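Q: show me the folded form of this:
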Amino acid sequence: MAGFARRKKGETEADSQGFGKAILQRRQELGLTQEEIARRVKVSTPYVGLLELGRRHPSEEVVIKLAQVLEFDAAELFLLANPGAKMLISQKPEPEGNSAWESFSRDRNLRKIHDITEEEMEMLSRVARMGQVRSVRDFIFILNSIRQALWP
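A: Numbering: from 1, shown residues only. A predicted model of the protein is given here:
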């Protein structure tokens with residue numbers, strides 16, 4: 001079943017409890033049952049219960065569907081489900097004087113190691129213009145997240 005992943009290595013039950021408590025509270029605020037959520041997200045009712053208890057970790061696909069159904073901001077819900085990602089994104093900027101994008105785009109070796117295409121560089125340049133990326137590492141994280149989301 002899609003999204004029936006266990007907690008990720010290094011993630012504590014308290015981390016997943018924050019996500020679980022958030023979806024439980026929102027579900028109750030909206031007056032929805034676990035069955036209604038399960039039907040709309042296309043998962044089993046017991047799985048919704050396990051998510052609420054923090055005993056299962058949702059896939060990105062399930063997080064996106066839950067965000068839509070429960071009227072959450074998808075990015076906020078993703079970070080609740082993946083607290084380690086917040087640490088990566090909120091790291092301090094690269095110490096050198098260049099912006100993270102300048103450092104990333106000039107590093108040909110890094111681009112070769114990660115097999116980054118010109119199309120991916122164009123997409124990442126649009127991300128850079130939003131001004132939220134603070135380090136070269138963040139670009140790699142974003143790229144890998146997008147690649148994973150696009151894989152069949």
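Q: this protein: helices as residue ranges?
A: Ranges of helices within the chain are 13-29, 34-41, 45-52, 60-70, 74-81, 83-89, 100-106, 108-113, 118-129, 136-150, based on DSSP state H.
Q: next, format those helices as JSON lines and append mean neighbour count.
A: No exception for glycine: its C-beta is placed from N, CA and C like everyone else's. Output for the helices of the chain, formatted as JSON lines (neighbours: other CB atoms under 10 Å):
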{"stretch": "helix 13-29", "mean neighbour count": "17"}
{"stretch": "helix 34-41", "mean neighbour count": "17"}
{"stretch": "helix 45-52", "mean neighbour count": "20"}
{"stretch": "helix 60-70", "mean neighbour count": "19"}
{"stretch": "helix 74-81", "mean neighbour count": "18"}
{"stretch": "helix 83-89", "mean neighbour count": "14"}
{"stretch": "helix 100-106", "mean neighbour count": "17"}
{"stretch": "helix 108-113", "mean neighbour count": "11"}
{"stretch": "helix 118-129", "mean neighbour count": "13"}
{"stretch": "helix 136-150", "mean neighbour count": "15"}
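Q: check those helices for me: which has the lowest mean pLDDT.
A: Least confident of these, judged by mean pLDDT, is helix 83-89 with a mean of 70.
Q: pop the domain breakdown of the chain in here.
A: If you go by automatic domain parsing, the domain ranges for the chain are 13-87, 91-150.
Q: and the residue nearest the centre of the protein?
A: For the chain, residue 78 is the residue whose C-alpha lies nearest the centre (CA atoms, centre = their mean; 4.2 Å).
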